[in-house]
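>>> Generate coordinates for the sequence data below:
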Amino acid sequence: MTQSVRKTLSIKKTHIADPADGARFDHEYSADNLGEAESWEQKEVLLDRIDVLLPCRIFQVTYKVAEQGGLSLTSEFLLRLLYAVEDGMDDERIAQFFGFNQRELAFVVNEVLNWDYAIREEGRLRLTKVGRGLFSTGSGTPHILTVEKRTNGFGFDSISLCGQEVRRLDPFMLSLPALEEKKQSVVANPSEHIRQEAFRRSFAGFDSARRTGVSVAQQHLYSVDSVTAEKRFLAAVPVRVIAQGGDSANIQVDLSDWHTGHELEDREAVVNTITALVDGIVVQKTAHDEWAYRQLLAMAPTFLQRYKRRDGLALDRYHRHALQVAAEPRADRPTVPLLGTIFTPANMERLAAALKYGTRVLGKAISQHEAMVSALAQAQSGELNQDYMQGVPAAPQWPRQVFWLTPSKHWGQTRALPIALDLIRQALEQADVDSLEDWETIAVRPQGDRATSRPPMWVRNAFSKTMNLPLQEMPSSSLEILYVPNLVAAALVHAPISPSTGALRGFPVPLGFLSFDPEVVAQAGRYFASVA
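Next comes the predicted model:
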């Protein structure tokens, strides 16, 4: 199912207007651009992004670094002069040649003597064998090296034994799944392999001088003397899952956010391990998926009206619509299609936009309710009794909770999950909500057996609370609903979609919508009535 991709993949952002959509579109969605757009079957879609942990180890390395140009410029020119005059020169002629006084002459001469590049013989300064060897290139310029011994700790991953930067991970990232180390390492003796080969291969990335731009062209690794294994650590590898045509049967793995080019080729063992992991994220299409698609219709009946059939959602047509239309939420377009998880960069931007518009709509509704109550109070001479208020609609409230119905096992396995939760809270803070001290984020899962009901560790770390819905209320484990009361809702079904093959098994393609329409948000809230 999944191809092992060892090259950088690019996501082309093509915006196409659906001719069947009666809504107004910005210029980027206009029909004028249809001729330039790529065929929807060829369009690459970012379905998901996940983070996996790569097991690594720090190795203490003792090595030597050689740097060209270790002498002063005047000493270098003195060596050139002595190289041109084979019989050498006395101090007086050298001083005359350079215009040195006695103190300057003594400094330059002592420098080349101390490095054993020159020697005094019979009152003349001549090059030694070592000094003459500096001109072995025949260029007339001395190839001068200074060798410095260093000992530092360096990280290498435990699968490909390539260099890996050591970075501190927060508790959420540390709770993500780690790749399994092979029972036998790529080599019998990792320390020896690093000494003989791996450190040299990774030195350009390790060397601080190279990374800061100092002596980049001059400095190089002279020798690796000893390597000792020390403590283990974990590194996060960002993984992008791409589908051509948004098709479960055309999945590719993109690691370009981690490494590219030859650096990725050197890590072929890691690439293959991650590719196998993505291969394992496959699901079987079930009748419960059809139930989940019908819930999309129930939550957004007006938006999905043209994709409704007697037996449910016209899946292929809506999938093609979501693939073609890259619409952003706006005041006259409160509901937009989603293809790919909420955690993709494009969908995170849509969530931010929906939150912005949603807070405006809710803030306006709260102000209107306050104005209505004030007007009624004035009409009643400033007093509103309880019986009179029973006919007044309840005041809309700013949300104090977020409910997120979580689907498949790998869901939320990304650093974008806590970022999305923070995004929601920040939207309320920017709307000047009085207090968020009692703010709760609640992860909800369908009630199943003990193994499936309990969310994975990273979900428990991201949310302040976890709860379960009875199976009679939520029979599907493929439905995802994000519900921010009175503000925003998103719903997606994670199930195989393969227009090209019709396969019933494959990588789950998240398909649904995002909305700040109050009616759609209210419909999404019905699913959380028993846990709210």
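>>> And the pLDDT for residue 207?
In this model, residue 207 is scored at 67, pLDDT.
>>> Please apply the same query to residue 234.
At residue 234, the pLDDT value in this model is 97.
>>> Could you list the domains of the protein?
71-139, 283-528 (automatic domain parsing).
>>> now residue 355, nearest residue through space, not along the chain?
Closest residue in space to residue 355, ignoring its immediate chain neighbours: residue 427 at 3.8 Å, by CB to CB, 6 or more residues apart in numbering. Any C-beta I mention is one placed from the backbone N, CA and C, and that applies to glycine too.
>>> Next one: the one you found from residue 363, what distance?
Distance, residue 427 to residue 363, using CB to CB, to the nearest Å: 11 Å.
>>> same check, this time on residue 149
The spacing between residue 149 and residue 363, counted by CB to CB, is 66 Å.
>>> between these two, who's got more neighbours?
Ranked by neighbour count (other CB atoms under 10 Å), residue 149 and residue 363 place residue 363 first, with 15 against 11.
>>> Double-check that that one belongs to a helix.
Yes. Applying DSSP: H, G, I helix; E, B strand; the rest coil, one finds residue 363 inside a helix.
>>> Nearest residue to it in space, ignoring adjacent ones along the chain?
Residue 363's closest residue in space is residue 431 (CB to CB, 6+ apart), at 6.1 Å.
>>> Distance of that neighbour relative to residue 439?
According to CB to CB, residue 431 stands 13 Å off from residue 439.
>>> Ok, residue 339 next?
Distance, residue 339 to residue 439, using CB to CB: 30 Å.
>>> Show me which of those two is the more surrounded one.
Set side by side, residue 339 and residue 439 show more neighbours around residue 339, with 27 against 17, by other CB under 10 Å.
>>> Please name the nearest non-neighbouring residue to that one.
Per CB to CB, 6+ apart, closest to residue 339 is residue 322, 4.1 Å.
>>> and the one you found, backbone torsions?
When quoted as degrees, to the nearest 10, the phi and psi of residue 322 stand at phi -70, psi -30.
>>> Begin at 25 from now on, thanks
OK, 25 is where the count begins now, so the last one is residue 346.
>>> In contact with it, which residues?
If you count contacts by CB atoms under 8 Å, 6 or more residues apart in numbering, residue 346 has them with 270, 361, 362, 363, 535.
>>> what about the helices in the stretch 75-224 of the chain?
Counting by DSSP state H, counting those that start in this stretch, the stretch 75-224 of the chain has helices at residues 97-108, 115-122, 126-138, 153-157, 195-198, 214-217, 223-230.
>>> before we move on, the earlier item: who's in contact with the residue nearest to residue 379?
Neighbouring residues of residue 451 by CB under 8 Å, 6+ apart: 376, 379, 380, 382, 383, 511.
>>> what do you get if the cut-off is 7 Å, keeping everything else the same?
Going by CB atoms under 7 Å, 6 or more residues apart in numbering, residue 451 touches 379, 380, 383.
>>> how much space between it and residue 540?
Per CB to CB, residue 451 is found 11 Å from residue 540.
>>> next one: residue 502
Note on residue 502: its distance to residue 540, by CB to CB, is 24 Å.
>>> who has more neighbours, those two?
Between residue 502 and residue 540, residue 540 has the larger neighbour count (other CB under 10 Å), namely 29 against 22.
>>> Would you agree the more buried one is in contact with residue 385?
Yes. If you go by CB atoms under 7 Å, residue 540 and residue 385 touch, sitting 6.2 Å apart.
>>> tell me the mean pLDDT over whichever helix or strand the residue nearest to residue 379 is part of?
According to DSSP states H and E, residue 451 maps onto helix 440-454. The average pLDDT for helix 440-454 rounds to 95.
>>> Put the alpha carbons of it into CSV.
Output of helix 440-454 as CSV, limited to C-alpha atoms (Å, rounded to 0.1, in the frame of the first residue of the first chain):
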residue,chain,number,x,y,z
ALA,A,440,0.1,19.9,16.5
LEU,A,441,-2.5,18.4,19.0
PRO,A,442,-1.5,20.6,22.0
ILE,A,443,-1.0,23.5,19.6
ALA,A,444,-4.6,23.2,18.4
LEU,A,445,-5.9,23.1,22.0
ASP,A,446,-3.8,26.2,22.8
LEU,A,447,-5.2,27.9,19.6
ILE,A,448,-8.8,27.5,21.0
ARG,A,449,-7.9,28.9,24.3
GLN,A,450,-6.0,31.8,22.8
ALA,A,451,-9.0,32.7,20.6
LEU,A,452,-11.1,33.1,23.8
GLU,A,453,-8.4,35.1,25.5
GLN,A,454,-8.2,37.5,22.6
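>>> where does the stretch 375-524 of the chain dip in pLDDT?
The stretch 375-524 of the chain contains residues with pLDDT under 70 at 401, 403-416, 459, 473-476.
>>> got the residue ranges for the helices in it?
Along the stretch 375-524 of the chain, counting by DSSP H, counting those that start in this stretch, helices occupy 410-413, 440-454, 474-477, 481-486.
>>> can you count the residues close to residue 500?
Counted with other CB under 10 Å, the neighbours of residue 500 add up to 23.
>>> I should have written residue 129 there, sorry.
For residue 129, using other CB under 10 Å, the count is 18.
>>> What residues does it make contact with?
115, 118, 119.
>>> Let's see the host helix or strand of residue 296 as CSV, backbone CA atoms only.
When elements are assigned from DSSP H and E, residue 296 belongs to helix 292-303. What follows is helix 292-303, C-alpha atoms only, in CSV (Å, rounded to 0.1, in the frame of the first residue of the first chain):
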residue,chain,number,x,y,z
GLU,A,292,17.5,4.5,4.7
ALA,A,293,17.0,2.1,7.6
VAL,A,294,15.0,4.8,9.5
VAL,A,295,13.0,5.6,6.4
ASN,A,296,12.1,2.0,5.9
THR,A,297,11.1,1.6,9.5
ILE,A,298,8.8,4.6,9.4
THR,A,299,7.4,3.5,6.1
ALA,A,300,6.5,0.2,7.6
LEU,A,301,4.9,2.0,10.5
VAL,A,302,2.6,4.0,8.2
ASP,A,303,1.9,0.8,6.3
